[in-house]
Structure formats: structure tokens, C-alpha cells
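> Got a sequence here, can you build the structure:
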Amino acid sequence: MTTFSSINPATGERVWAGPAATGAEVDAAVVRARDAFRRWSSLPLVEREAHLRGFARVLEARKPDLAEAISREIGKPRWEALAEVQTMMTKVEFAIRGHAQRNAEFAGGPAVTRFRPHGVCAVFGPFNFPGHLPNGHIVPALLAGNTVVFKPSEYAPLTAELTLAAWRESGLPAGVLQLVQGGRETGAALATHAGIDGLFFTGSAPTGLWLAQQFARTPGRILALELGGNNPLVVWSARDLAAAALLVIQSAFLTAGQRCTCARRLIVPAGADGDAVVEAVKALIGRLRIGAPTDVPEPFCGPVISERAAHAILESQAKLQAAGARSIIAARHLQPGTGLLAPGVIDVTPMSAPSPDEEIFGPLLQLVRVPDFEAAIRAANATRFGLAAGLISDDGARYEHFRRDIRAGIINWNQPLTGASGAAPFGGIGFSGNHRPSGLFAADYCAYPVASIEVPELKLPGALPPGIS
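All right, here's what the predicted structure looks like:
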């Protein structure tokens, strides 16, 4: 039996310990979900909606406990963990609205289109939003009539257990939602299981590519991927530098830079205008509180997920410096044995070669200086990813240019890149996904259309087809 633990990245203390699911246990979970599928999918939609709303009510009552688990396992400040649980609750009504818009039965003459669930769907959860992001798959999947086997991040098993307990308390029928805990081996056993009909994943591009390779062999199963990005944020012709700096900070460093939509590259004009932006950002970074969730007053952000992750970010910074980049503010490890990092800004403009097109998943922002706005567009698009991009500017014409030419699934104007609406689709292009956005459009990958031509009265046509005498 393999056991594993979750560790508080702000303190190094152990939060949870338990066994990882074996291949046999994964198989049993899939079988239970398959057995529950017919009963669950046969329920009237209004009854499935009632189960989801019951879950939201339990979350409201259990909000403090679940937020505490998120803070302890991920290191999020209390204010952010509470906001995450609130987002889980509001997801229910957004999912019901999305299902009504995207999966409603419709007719045209004798043709009728209805939607059916796939069957048993696996959901893989990431660590950065261990409640919200898997919930964004689970809720619409259950609403459509699927049953689910959920493999959470190995960094957040307690959060997953409390979430499953909330579902049980809400009265969800047995077997409809199964939980399998574990790391890579457990995930591989579930992803390659012949008994699943689909898999919904939010996480890293390398894992997403591996999943795509597995699913390429079985085109009858559906795969929905959201894989992050090397997201650009352009600041151009912004008069209020304090407001612009605040948007940059929120875009780059919320959740310790561990949001898939976080700005990874800050693109500014070369010269005095760009220097002014950089100075405003530097000044605001100096005012940020970085610390444990239990600190008083509360911090702006907590640690990255582990000490190992902190060292990896610092190694990325060192590699950029060795290649010619210049640190404006160096990211620093604040406390041994933790993931606490002071944010960094590094100017990659002096490098003789382009900086690696990678997602550095933490509080390290790369600065790019360009001569004109066309060069800013080219620099923003110089990535294989395409999740999020943003423009901070008072010039509406520039935004129209930006919006038209930028390749990304999320494009914001004078808003943090880290902001997204539950009433809109969420996803990207290129290495950021496989054209199956979540959010409001999650209903699209949770069910498939069935088109029928239906004539209730059987009778011969007025004229026989040609060739019949």
C-alpha cells in the first residue's frame, strides 16, 4: 500500500495522510459509477438540479471548514480561500443556466435534437484551486446525467474529502460521485481505464499532452483540456500609473502567481513611458505582504505549493539571468522549509535569444520592452500557448487593434488577467487546451447531441421512391 501526505506550504506541517488508491480500487470506483449511471441519468433534469442546489446549501454551511482546508493545504490567505468556496457555490446556478442554453432540446420540422450524457467521466483536479476548478467540471457533468470519478491533486486530498462529504450530506445518490486519492500512478490508472467515457482535466501542458496521446487511440471518448499559458499583459498609453500597477500586480502575483491566467510577460514601450510603468510596479511590489494564511494582518498572497516548487522558480530565474536577463526585483526564498517566495520581476529584453516559451508557475514576471505597439502585438503572440492576454490602456482604438490581432481565448481590457466570469466560456487555444472551453460552455463537453427525424403516424408516401414499381 502506498501512502502520501499533504503538507502546509507555509509551515511545513503535515495536514493529511492516507493511502493512494490502487489500480484495483480505481477499477472498483469506475464499476460503482457505471452501476449508478442509468439511475442517475434517468432522473428528470429538475431532480438533478435539486441535488446540485442541495450541495450548494451544504457548502454554505460548511464554508469555514472547507476554506480552512484550502488555506492549510495550498497556503492561500483566508480571504482567498473563502472566495474560492463562494465560487463553488455560485457555479451551481451558472451550470444550470449553461445547460439550459447549450443543451436544451430543440426542433425544426420533423427533426428533433436532444442531448445525452457520455456515461462515466473522470475529473482530474489541480492544486491551485482544489475546490473550484474540479467543481467546474463535476457540477455540469452531474447535471448532464454523467457519473464522475474524481482524482484530486495529491497536494489537496483533505479539500477533496471535505468536498465529497458535502456531496454526501446533500443527499447525492450512492455511486454517482466517486473519489480516488493518489498521485501519478493513480491518475494514470484512471486515465487509461477502459471503463471511462471521458476525462476532464485542468493542469500542466506536459500532463495534458500525455492525456491527449492516450485518448488519440480511443476517439469515442471525450477529452477536455485546460493547460495554462505564457500569458502576455501589455501596458500602453495608460495615464493612471498607480491603477495600471495595481492591475499588473493582481494579474501576475495573485495566488502567488499560481493561476493559469496569471500574467507571465509584461510588455511595455521602450524608453521613459515603459520605465514609468516599471517604477510604479516596483513601488507597489514593495508594499505587498507575503506570508502564511494565519498572519495578521492577512497577506496579499501566500506561498507557492511547496519548497520544491519555490526552488524550481528560483532556478528558472537563475537560468534567465545566465542567458542575459536582468533582475529588476529578484524573487527570493523567504523561509527554508516552506514555499514562501518574494515576487520577482526580470527584464528579458537584453537576452540575445528569446526567453523560453514556458509557463513559470509562480511569482516571477518577465519584462519585455518593445519599440512600438505593432511590436507589442508580435511579442504578445510569440508563444505556443493562447489562454489569456490583456491590455492596460486608455486608448480604445488600441484595444480594438489588440482584441482583433491577439491569439487567446480570454482577452481583457483594463482588468486583471486573473479575473474571469462564470457567465462566459473559459479556455484557450494552442497548447492551452483542445478547444473545449469550460465555464458556461462546460455543457458542450458534458453531453453529446442526438438528432432524430420523427413522424408519429406510419403511412405510405403519396409517391414511391424511384425504382420501386
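> Identify each of the strands in the stretch 1-150 of the chain and give its residue range.
Taking DSSP state E, counting those that start in this stretch as the criterion, the stretch 1-150 of the chain contains strands spanning 3-7, 14-19, 106-108, 111-117, 120-124, 147-151.
> any idea which of these scores lowest on pLDDT?
Ranked by mean pLDDT, those end with strand 106-108 at the bottom, a mean of 90.
> Mind giving me the packing neighbours of that one?
strand 111-117 (3 or more Cβ pairs under 8 Å, 6 or more residues apart in numbering; DSSP states H and E). C-betas here are computed from N, CA, C, even on glycine.
> Just checking: what are the partner strands of the strand it packs on?
Partners of strand 111-117 in the sheet, by DSSP bridges, are strand 106-108 (antiparallel), strand 447-453 (antiparallel).
> circling back to that earlier point, between the strands of the stretch 1-150 of the chain, which one is closest to residue 454.
The closest of the strands of the stretch 1-150 of the chain to residue 454 is strand 111-117. By Cβ to Cβ, the value is 5.7 Å.
> Which residues belonging to the closest one are considered buried?
Of all the residues in strand 111-117, those buried under the rule 16 or more other Cβ atoms under 10 Å are 115, 117.
> which other residues reach it?
Contact with strand 111-117 is made by 37, 41, 103, 105-107, 141, 144-146, 446-454, as judged by Cβ atoms under 8 Å, 6 or more residues apart in numbering.
> Selection in PyMOL covering whichever of those are buried, please.
Filtering the contacts of strand 111-117 down to the buried ones (16+ other Cβ under 10 Å) takes a single PyMOL command:
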select buried, resi 37+41+103+141+144+145+146+446+447
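> Can you give me the distance of residue 309 to residue 9?
Using Cβ to Cβ, to the nearest Å, residue 309 is found at 8 Å from residue 9.
> Actually, residue 443.
35 Å.
> Compare those two (neighbour count), which wins?
It is residue 9, of residue 443 and residue 9, that has more neighbours when counted by other Cβ atoms under 10 Å, with 30 against 24.
> which residues touch that one?
Shown in contact with residue 9 (Cβ under 8 Å, 6+ apart): 74-75, 302-307, 338-340.
> Which members of the residues you listed are the farthest-apart pair?
Largest separation among those by Cβ to Cβ: 74 and 307, giving 14.2 Å.
> Looking at these two, which one has more neighbours?
Counted by other Cβ under 10 Å, residue 74 and residue 307 do not tie: residue 74 has more neighbours, with 33 against 20.
> Can you verify my assumption that that one contacts residue 301?
No. Assessed by Cβ atoms under 8 Å, residue 74 is found out of contact with residue 301, at 11.0 Å.
> that older thread, reformat the contacts of residue 9 as TSV; add pLDDT, secondary structure and distance to residue 353.
Listed next are the contacts of residue 9 as TSV, based on pLDDT from 0 to 100; DSSP: H, G, I helix; E, B strand; the rest coil; distance: Cβ to Cβ, whole Å:
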residue	pLDDT	secondary structure	distance to residue 353
74	97	helix	35
75	97	coil	34
302	97	coil	34
303	98	coil	32
304	98	coil	27
305	98	coil	30
306	97	coil	30
307	97	helix	30
338	97	coil	34
339	97	coil	30
340	98	coil	32
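> Out of these, which is nearest to residue 204?
Distances from residue 204 to the contacts of residue 9, taken as Cβ to Cβ, are shortest for residue 305 (12.1 Å).
> Pretty sure the closest one sits against residue 129.
No. Here residue 305 lies out of contact with residue 129, judged by Cβ under 8 Å, at a distance of 11.8 Å.
> domains for the protein, by residue range?
Here the domain parsing of the chain from automatic domain parsing is 3-227+433-453, 231-413.
> State the helix or strand in which residue 308 lies.
Using DSSP states H and E, residue 308 maps to helix 307-322.
> quick one: which of the strands of the stretch 1-150 of the chain is nearest residue 224?
Using Cβ to Cβ, the nearest of these to residue 224 is strand 120-124, at 9.2 Å.
> Could you list every helix and strand in contact with the closest one?
If contacts are counted by 3+ Cβ pairs under 8 Å, 6+ apart, strand 120-124 sits against helix 23-42, helix 132-144, strand 147-151, helix 184-191, strand 198-202.
> Columns distance to residue 371 on top of the contacts of residue 9, output as TSV?
TSV is the format used below for the contacts of residue 9 (distance: Cβ to Cβ, whole Å):
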residue	distance to residue 371
74	41
75	40
302	38
303	38
304	34
305	38
306	40
307	41
338	41
339	38
340	38
